[in-house]
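[1] The following comprises the amino acid sequence and a computationally predicted model.
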Amino acid sequence: MTVSAGLGIANFPFPDASTFWRWVDLCDAGGVDSIWQSDRVISREPQLECMSTMAALAGATKRIKFGMNVASLGLRDPVLTAKACATIDVLSEGRLLPAFGVGSALSRDYVATGTPTKGRGKRSAEGLEIMARLWAEDSVTFSGEYYQLDDACIAPKPIQDPLPLWVGGSAQQAIERTARWGTGWQAGIESASQVAPVIAGIKQRTAELGRSIDEDHYGAGFGFRFGSPDEPVCQRYLELLSKRLGKRPEGFLAVGDTADIMALLHEFRDAGVHKFILRPVATDGEDIIKQTRLFIDKLLPEVAALNGK
């Protein structure tokens, strides 16, 4: 079982594209496992569209993997999305990490795009099956409540065989979707104690279905900062999370030195997590680059040590 650590961003904190690409180049050259972009269409804060970002990263990087954390499948046509993912995987020579969830019914994205929230879980379940089959099969016929296909196929197929299919969500329905079609699971804003029973539930259900998910394909993330918890940027981060969750988040932010950040990583690892998406808590683009350098220089050697390297 390999422990890996990537970096995730939601908002676009960079002053311009060149600063963003400096950060991407630093991640690519510095041994960061992966870059993850959150998914949101309607937002007053600058935020990149995740599928477009995946395509851009495919052409601008050489080594690093990249994924969506997570894309709302309820907003997307599964055939077009499957084709886009296959294309990006081919052009990146097998480095895409597709990740999908249902998306919140409270999201303004549904209203703005004219997409009904009712039935989004069933639509997503059908969509996951369609995408997984289109990536693997030469002919797909499907008759569902929301989607119908007759002898459909896409080519070229993804380079990765199978193309990873990470699924987000912690509700029982999400556990079922992951167990049936996922090759990995990605937590949301959840503590280690909240993650553990979900992983246990997925393992139990996959066994019942005669499937399995690799141990290092259970993922989670948290915010981190090399610094002091008293810094205003940390307080703002907690305030934003509190507003989103309706309560003060616990176990989702590590601030201090390497030992402090690794302590929270170990909590998640003990809960069964091996794939990490850490989110740098920073004031601006230059500060993200600074935090990323510290992540590379101080944290990645500790992660490598967990793998005996």
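    Structure received. Numbers count the residues shown, from 1 in each chain.
[2] got the CA coordinates for the helix or strand in which R22 is found in PDB?
    Element membership of R22, judged by DSSP states H and E, is helix 17-30. What follows is helix 17-30 as a C-alpha-only set of coordinates in PDB (Å, rounded to 0.1, in the frame of the first residue of the first chain):
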ATOM      1  CA  ALA A  17      -2.100  32.700 -15.700                       C
ATOM      2  CA  SER A  18       1.700  32.900 -15.600                       C
ATOM      3  CA  THR A  19       1.800  32.600 -11.800                       C
ATOM      4  CA  PHE A  20      -0.600  29.600 -12.000                       C
ATOM      5  CA  TRP A  21       1.800  27.900 -14.400                       C
ATOM      6  CA  ARG A  22       4.800  28.700 -12.200                       C
ATOM      7  CA  TRP A  23       3.000  26.800  -9.400                       C
ATOM      8  CA  VAL A  24       2.100  23.900 -11.700                       C
ATOM      9  CA  ASP A  25       5.700  23.700 -12.900                       C
ATOM     10  CA  LEU A  26       6.900  23.600  -9.300                       C
ATOM     11  CA  CYS A  27       4.500  20.800  -8.500                       C
ATOM     12  CA  ASP A  28       5.500  18.800 -11.600                       C
ATOM     13  CA  ALA A  29       9.200  19.100 -11.000                       C
ATOM     14  CA  GLY A  30       9.000  18.800  -7.300                       C
END
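[3] Wasn't R279 part of a strand?
    Yes: the assignment for R279 by DSSP: H, G, I helix; E, B strand; the rest coil puts it in a strand.
[4] which residue ends up closest to the midpoint of this structure in space?
    By CA atoms, centre = their mean, the chain has its centre lying nearest to N69, at 2.7 Å.
[5] Excluding covalently adjacent residues, which one is nearest to it?
    W36 (3.8 Å; CB to CB, 6 or more residues apart in numbering). Any C-beta I mention is one placed from the backbone N, CA and C, and that applies to glycine too.
[6] for the residue nearest to the centre of the chain, what are its contacts?
    With contact set as CB atoms under 8 Å, 6 or more residues apart in numbering, N69 has these partners: G8, W36, Q37, S38, D39, C50, A99, G168, Q186, G221, I277.
[7] got it, and D39?
    Counting by CB under 8 Å, 6+ apart, D39 makes contact with C50, M68, N69, V70, A71, S72, G103.
[8] Tell me which of those residues has the lowest pLDDT.
    The member of the contacts of D39 with the lowest pLDDT is G103, at 81.
[9] picking that back up, make sure the residue nearest to N69 is indeed in a strand.
    Yes: assessed with three-state DSSP, W36 lies in a strand.
[10] thinking it is in contact with G8, fair?
    Yes: between W36 and G8 a contact is recorded at 3.8 Å, counting by CB atoms under 8 Å.
[11] which neighbours do the two share?
    What both W36 and G8 touch, as defined by CB under 8 Å, 6+ apart, is the set N69, G221, I277.
[12] Compile these into JSON lines and extend it with columns for distance to M54.
    Below are those laid out as JSON lines (distance: CB to CB, whole Å):
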{"residue": "N69", "distance to M54": "11"}
{"residue": "G221", "distance to M54": "18"}
{"residue": "I277", "distance to M54": "15"}
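[13] Sitting in helices, which of the contacts of D39 do you find?
    Those of the contacts of D39 mapping onto helices are C50, per DSSP state H.
[14] What is the nearest of the contacts of D39 to D89?
    Nearest to D89 among the contacts of D39: M68, at 12.9 Å, using CB to CB.
[15] A200 versus the closest one, what's the distance?
    Going from M68 to A200 by CB to CB, to the nearest Å gives 25 Å.
[16] More neighbours: which of these two?
    Comparing M68 with A200 by neighbour count (other CB atoms under 10 Å), the higher total belongs to M68, at 26 against 13.
[17] OK, contacts around that one?
    W36, Q37, S38, D39, C50, M51, M54, L97, P98, A99, F100.
[18] do the same with G101
    Here G101 is in contact with V70, A71, S72, L73, S124, V167, G168, G169, A174, G188 (criterion: CB under 8 Å, 6+ apart).
[19] ok, now A271?
    A192, S193, V195, A196, I199, A220.
[20] what would those look like in TSV with pLDDT and neighbour count?
    Converted to TSV, the contacts of A271 look like this (pLDDT from 0 to 100; neighbours: other CB atoms under 10 Å):
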residue	pLDDT	neighbour count
A192	96	21
S193	96	12
V195	97	23
A196	97	17
I199	98	22
A220	97	29
